[in-house]
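Novice: got a sequence here, can you build the structure:
(one chain, ligands or ions: 1)
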Amino acid sequence: MIKLYGNPYSRANRVRWALETVGLEYEEETIALGPDGTGSERFRAINPNGLIPVLDDDGLVLFESVPICLHIAKKYAPDTLYVNSFKDEALLLQWSVWAMTELEKHNETASLHVTWFSEDKRDPRIAAAEQAEVKRCLTMLEKAIKDDGYLVARRFTIGDLIICEVLTNVAFSKVDLSAFPAVQAYLKKNLSLPSASKAFAPDIVSPYLS
Ligand SMILES: N[C@@H](CCC(=O)N[C@@H](CS)C(=O)NCC(=O)O)C(=O)O
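Specialist: Modelled structure (predicted):
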């Protein structure tokens with residue numbers, strides 16, 4: 001039995017997309033953010049960290065979205081969504097950790113100061129500095145995917161899935177993607193996959209499909 005604890009407007013989207021990509025049967029329990037959901041005693045017994053997503057893979061209960069995605073790919077699609085050399089695995093891990101610790105971190109802080117905080121809590125200097133960091137990350141990504149449109153192994157892997165899902169949040173930091181044509185094409189191609197249509201609420205992917 002595979003069970004995802006998540007909701008359609010959260011980092012559970014990357015896990016749902018990985019599950020849809022490998023074609024696994026799973027159930028999802030919607031967990032709201034806040035005291036009645038992620039903060040509840042019941043949910044904290046499942047994830048003491050109090051955050052979604054959580055995956056229960058036949059009794060193996062995992063938190064942290066990126067390791068969950070890597071686990072799904074390696075276990076259920078080792079020759080397609082995962083990679084099969086030490087070199088490609090090292091690159092895949094490098095980009096996956098970068099997606100969380102650089103790209104996502106800067107995009108999230110920018111989004112707080114551009115979209116999510118109330119006006120009185122927003123700091124335009126932090127917003128501008130963090131948007132500049134997101135652009136620095138996008139410049140790196142643009143170069144990395146320019147040759148063949150993929151991060152590693154010259155095909156779509158879990159690394160591309162993680163990065164494209166992280167980038168669905170760029171709408172909230174209001175970073176303009178037009179200076180990054182390879183990234184724009186990369187998002188459009190990968191978010192148009194049938195697995196993405198099944199995994200995402202339409203309003204999340206629509207800004208990147210035209
Ligand atoms: N590093 C964690 C972050 C998870 C996280 O921040 N989840 C948010 C939703 S995207 C959450 O559960 N927030 C709980 C709350 O705000 O109550 C991961 O990637 O899984």
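Novice: what's the average pLDDT for the top helix by length along the chain?
Specialist: Determined from DSSP state H, the single longest helix within the chain is helix 124-145. For helix 124-145, mean pLDDT is 98.
Novice: so which residues make contact with it?
Specialist: Contacts with helix 124-145, where a contact means C-beta atoms under 8 Å, 6 or more residues apart in numbering, come from 95, 98, 102-103, 106-107, 109-110, 113-114, 151, 163, 170, 173-175, 177, 179-183, 186. Every C-beta, even on glycine, is put in place using the N, C-alpha and C of the backbone.
Novice: and the residue in the chain sticking out farthest from the centre, what does it touch?
Specialist: Distance from the C-alpha centroid of the chain peaks at residue 120, with 29.0 Å (C-alpha atoms, centre = their mean). Going by C-beta under 8 Å, 6+ apart, residue 120 touches no other residue.
Novice: what's around residue 17, how many residues?
Specialist: If you count neighbours by other C-beta atoms under 10 Å, residue 17 ends up with 26.
Novice: so what are the domain limits for the chain?
Specialist: With domains defined by automatic domain parsing, the chain comprises 2-76, 86-199.
Novice: distance to the ligand added to the ones you listed, as TSV?
Specialist: As requested, the domains of the chain are arranged in TSV below (distance: least, C-beta to the nearest ligand atom, whole Å):
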stretch	distance to the ligand
domain 2-76	4
domain 86-199	6
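Novice: kind regards, and thank you for your time.
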